[in-house]
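Visitor: any chance you can model this:
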Amino acid sequence: MVKTTICIKRKQGISREEFFDYWENHHAELIKTLKDDLKIKRYVQSHSVDNAISAALRASRGGPEMYDGVGEAWFESMETLASIGQDESSLKAIARLIEDESKFIDLLNSPFWVSVEKEII
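Guide: Residues are numbered from 1 along each chain as shown. Okay, here's the model as predicted:
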């Protein structure tokens with residue numbers, strides 16, 4: 001399996017509450033309807049927690065401001081992932097996904113990449 005990961009910064013002018021509500025209750029539903037066209041096997045949202053523990057962990061490492069969340073999608077193989085966008089239904093799904101993401105995600109400041117997990121423990 002391969003995974004895409006996006007570290008998400010919300011768009012300016014959107015509160016954390018509005019962001020999380022939209023991401024979980026609207027965007028996640030869109031992912032569910034598009035999963036077959038996008039060939040997604042698993043999708044997970046990690047919502048950041050803005051509290052003293054998070055602040056202390058960042059400070060102990062001299063880290064930057066935290067992301068609002070992380071979105072992860074798993075695919076059967078690199079070949080499967082590479083094949084997305086080679087048919088009309090997946091192209092339409094990608095367009096719908098990006099259109100929706102642009103409503104609540106600061107796409108220019110939200111890094112996105114492909115990875116292979118290496119389980120250690």
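Visitor: mind telling me what element the nearest residue to residue 42 once chain neighbours are set aside is part of?
Guide: Nearest non-adjacent residue to residue 42, counting by CB to CB, 6 or more residues apart in numbering: residue 74, 4.0 Å away. All C-beta atoms are positioned from the backbone trio N, CA, C, and that covers glycine. Element membership for residue 74, per DSSP states H and E: strand 69-75.
Visitor: tell me which residue is most central in the protein.
Guide: residue 71 (2.5 Å; CA atoms, centre = their mean).
Visitor: distance check, that one against residue 55.
Guide: As judged by CB to CB, to the nearest Å, residue 71 and residue 55 stand 23 Å apart.
Visitor: repeat for residue 26
Guide: Counting by CB to CB, the gap between residue 26 and residue 55 amounts to 29 Å.
Visitor: can you confirm residue 5 is in a helix?
Guide: No: Residue 5 is assigned strand when assessed by DSSP: H, G, I helix; E, B strand; the rest coil, not a helix.
Visitor: quickly list what it is bridged to.
Guide: Beta-bridge pairing of residue 5 under DSSP bridges involves residue 72, residue 113.
Visitor: wait, isn't it in contact with residue 110?
Guide: No: if you go by CB atoms under 8 Å, residue 5 and residue 110 don't touch, sitting 10.4 Å apart.
Visitor: what about the two, which has more around it?
Guide: residue 110 (19 against 16; other CB atoms under 10 Å).
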